[in-house]
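J.: below are the sequence and a predicted model for it; my questions follow.
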Amino acid sequence: MNAECYKSLAMELGVYQLRNFSISFLSSLLGTENASVKLDSSSSGASVVAIDNKIEQAMDLVKSHLMYAVREEVEVLKEQIKDLVARNSQLEQENNLLKTLASPEQLAQFQAQLQTTGCSPPVSQSGQSTQPTPPNGGSSA
């Protein structure tokens, strides 16, 4: 019996401390004074409703701050994506220019380097390999 009484007392004390912590935390979060959100020992219906309202206000405040932070992060990520797409396009154009200016010997040497390093040939947007096949013993133009 003594252990059950102790558990019950400990539980009540824990609930009381949690309520006091919640009230002081919410008050500081909402910028109100502790005196305006006091919880009387009788736990009347009005104080419970007031606490519920404060909790709801705090949750709304947290939600709005979180949504603002998410929107801000989305804008930053959109800018980064836009920059990366532009950079990718620029590099693709540069790659195509270099391929057109390279001699067949240079392209064959590049392909041989890729094969020795184990790299796969680059793939174009159409899904076909952009790597040229080595010349079949033909003369270079």
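T.: Thanks, I have the structure now. Predicted model, so just to flag it, every value in this text is computed and none were measured.
J.: mind giving me the packing neighbours of the longest helix anywhere in the chain?
T.: When the chain is parsed with DSSP state H, its longest helix is helix 45-101. If you count contacts as 3 or more Cβ pairs under 8 Å, 6 or more residues apart in numbering; DSSP states H and E, helix 45-101 packs onto helix 2-30. (C-beta placed from N, C-alpha, C; glycine too.)
J.: what's the average pLDDT for the helix it packs on?
T.: For helix 2-30, the mean pLDDT works out to 63.
J.: stretch 94-106 now?
T.: The model assigns stretch 94-106 a mean pLDDT of 92.
J.: use 34 as the first number from now on
T.: That works, and once the first residue is 34, the last one we named lands at stretch 127-139.
J.: show me what counts as buried in the helix or strand that the longest helix of the chain is followed by.
T.: For helix 78-134, the following helix or strand on the C-terminal side (DSSP states H and E) is helix 137-150. Residues of helix 137-150 classed as buried by neighbour count (16 or more other Cβ atoms under 10 Å): 140-141, 143.
J.: and of those residues, the nearest to residue 111?
T.: Proximity of the buried residues of helix 137-150 to residue 111 (Cβ to Cβ) peaks at residue 143, which lies at 35.8 Å.
J.: and the pLDDT for that closest one?
T.: On the pLDDT scale, residue 143 gets 88.
J.: measure it to residue 152 for me?
T.: Using Cβ to Cβ, to the nearest Å, residue 143 is found at 10 Å from residue 152.
J.: also residue 140?
T.: 15 Å.
J.: then residue 101?
T.: Distance of residue 101 to residue 152, given as Cβ to Cβ: 45 Å.
J.: ditto for residue 123
T.: 22 Å.
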